[in-house]
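Engineer: Following is a predicted model, sequence given first.
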Amino acid sequence: MLTAPLRVAMIHLSELRLDSRVQRQARALAERGDEVDLVGIGERETVRVGAGTMRVHPVDAAKAHGGAGSYVRGYANFTARALARVAALDRSRRFDVVQAHNMPDLLVAAALVPRLRGVPLILDVHDTFPELFATKFARPPRDPLARLLRWEERLSAALATRVLVVTEQARRRLHSRGVGVGSTEVVMNSPDERLFGEPRDALLLPAEGPLRLLYHGGLAERFGVRTLIEAFGLLRERLPRLRLRICGSGEPAERERLTALAREIDRERIEVAPAPVPFAQIPAELAGAHIGVVPTLHDRFTELLLPVKLLEYVHMGMPVVCSRLPCIADYLGERELRTFTAGDPADLAAAIAALCADPVAAQRRAAQAQSAIAPLAWERQRERYLGVVDELAGMATQLTVPGSVSG
């Protein structure tokens, strides 16, 4: 049994204030007294959480954007700089566990120095990288770069002691190509009750005043925000009470395109936040909304997703309109959600209208959704995650205890 606080490094090409999964796991460690050093991008800061500490060590690198070549160069630049930073931190005070949060998977290379002396390494697969890259840049499965990324994924998983994924469906996809077999654990993206509070009672839509739709998440094309804005345009005359707020993160060009479309369709009733909303402010955004929308498009990447925004809407008691996608359907169906055909603005508009037309049925769906996801609660995921960290740290300790027997 571990008694002393652990020192854990997390490597992530993201800003802590915007990355909910990194925040959630780092807070879980710090709350119980561990020290977490986060090597990413953003602002330097030290945060006391519970009995522990989270320290952000920003690397002088920008998040990758642009074409495929720009992404590869950006990833390589960050990985090299993160490797130097992790090595320096490890020399000053040795880490017990290192965790690399993809993308890319090859961020595990930034943990090379502590890994060479036997420190356990976790590869946390937020997104399956080969599928994401192929869909983002329209690469066919047999494209040389797509094949290279599958090799990169396999190598990265082989360097890691343990692989974490966000859904059982993602684990099956990795295993189907021989990645992480026997070393993979599922730790899902569930709302942290320490930030969101206890699950809110299922919401009854107001009979008067504005009906507020909310989308918060990525702004990339695959997340279907354009479909949502176009659907709103089809409802302008039919449901004048509707308001739509979009809080998202993505490349500046994506935000500009969506903002221009929103102004063209209804500049008074559609609001696109001018900048990413920090994760700490998301609970307040949800508390002020009535209906959550998940308009994700369908491709080989998104079919593996159970969006965290969906679980957050459900946690907050909001009725949800959601694309029909395979992974989501494994957890929540028409009894719990009002679903529509992914990428179809007319079907999305019809689903929103149907939800608003029957507030009692909408409230019933929201309550049933909360019951359905109760087994996925963060408290359970938290214990699973901490169990993995403690198991790996314990294994490393046994290997370094004088007189211990290994092999």
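Structural biologist: Nice, I can see it.
Engineer: Quick one: the strands in the stretch 201-350 of the chain, in order.
Structural biologist: 211-218, 242-249, 270-272, 291-294, 320-323, 338-340 (DSSP state E, counting those that start in this stretch).
Engineer: wait, which of those is closest to Val59?
Structural biologist: Closest of the strands of the stretch 201-350 of the chain to Val59 is strand 242-249, at 18.7 Å (criterion: C-beta to C-beta). (Each C-beta comes from the backbone N, C-alpha and C, glycine too.)
Engineer: Okay, now the unreliable bits of the stretch 251-400 of the chain?
Structural biologist: Low-confidence segments of the stretch 251-400 of the chain, defined by pLDDT under 70: 396-400.
Engineer: all helices for it, in order.
Structural biologist: 252-266, 282-287, 308-315, 326-329, 345-357, 359-373, 378-400 (DSSP state H, counting those that start in this stretch).
Engineer: Could you list the buried residues of the shortest one?
Structural biologist: When you say that, I think you mean helix 326-329. Buried residues in helix 326-329, counted by 16 or more other C-beta atoms under 10 Å: Cys327, Ile328.
Engineer: who's in contact with it?
Structural biologist: Thr167, Gln169, Val294, Glu303, Leu304, Leu305, Leu306, Pro307, Leu310, Cys322, Leu337 (C-beta atoms under 8 Å, 6 or more residues apart in numbering).
Engineer: Ok, the fifth one next?
Structural biologist: Residues lying outside helix 345-357 but in contact with it, judged by C-beta under 8 Å, 6+ apart, are 205, 211, 213, 227-228, 230-235, 238-239, 242, 291, 293, 295, 319, 321, 338-341, 361-362.
Engineer: Buried ones among these?
Structural biologist: Buried among these (16+ other C-beta under 10 Å): 205, 211, 213, 227-228, 230-235, 239, 242, 291, 293, 295, 319, 321, 338-340, 362.
Engineer: and Asp105, what does it touch?
Structural biologist: Taking C-beta under 8 Å, 6+ apart, we find Asp105 in contact with Leu123, Val125, Phe129, Glu152, Glu153, Ser156, Ala157.
Engineer: Looking at those, which is nearest Gly333?
Structural biologist: Val125 (25.9 Å).
Engineer: Which positions are bridged to the closest one in the beta structure?
Structural biologist: Following DSSP bridges, Val125 is listed with bridge partners Val165.
Engineer: Give me the neighbour count for Pro252.
Structural biologist: If you count neighbours by other C-beta atoms under 10 Å, Pro252 ends up with 10.
Engineer: thinking again about what came up before, so which of the helices of the stretch 251-400 of the chain is the most packed in?
Structural biologist: helix 308-315 (a mean of 26; mean count of other C-beta atoms under 10 Å).
Engineer: What helices and strands are in contact with that one?
Structural biologist: Applying 3 or more C-beta pairs under 8 Å, 6 or more residues apart in numbering; DSSP states H and E, one finds that helix 308-315 contacts strand 211-218, helix 282-287, strand 291-294, strand 320-323, helix 359-373.
Engineer: nearest residue to Phe196 other than its sequence neighbours?
Structural biologist: Closest residue in space to Phe196, ignoring its immediate chain neighbours: Pro283 at 5.0 Å, by C-beta to C-beta, 6 or more residues apart in numbering.
Engineer: about what we covered before: who wins on neighbours among the contacts of helix 326-329?
Structural biologist: Busiest of those [other C-beta under 10 Å] is Leu337, holding 29 neighbours.
Engineer: if I look at that residue, how far off is His315?
Structural biologist: The gap separating Leu337 from His315 is 14 Å, by C-beta to C-beta, to the nearest Å.
Engineer: Overlap in contacts, the two.
Structural biologist: In contact with both Leu337 and His315: no residue, using C-beta under 8 Å, 6+ apart.
Engineer: List the contacts of Pro114.
Structural biologist: Ala9, Val86, Ala87, Asp90, Arg94, Phe95, Val98, Leu121.
Engineer: Out of those, which end up buried?
Structural biologist: For those, a neighbour count by 16+ other C-beta under 10 Å gives the buried set as Ala9, Val86, Asp90, Phe95, Val98, Leu121.
Engineer: In contact with the second one: list those residues for me.
Structural biologist: In this structure, Val86 makes contact with Ala9, Ile11, Val39, Phe95, Val98, Ala110, Ala111, Val113, Pro114, judged by C-beta under 8 Å, 6+ apart.
Engineer: Could you list the low-confidence segments of the stretch 51-200 of the chain?
Structural biologist: Those would be 63-67, if you go by pLDDT under 70 across the stretch 51-200 of the chain.
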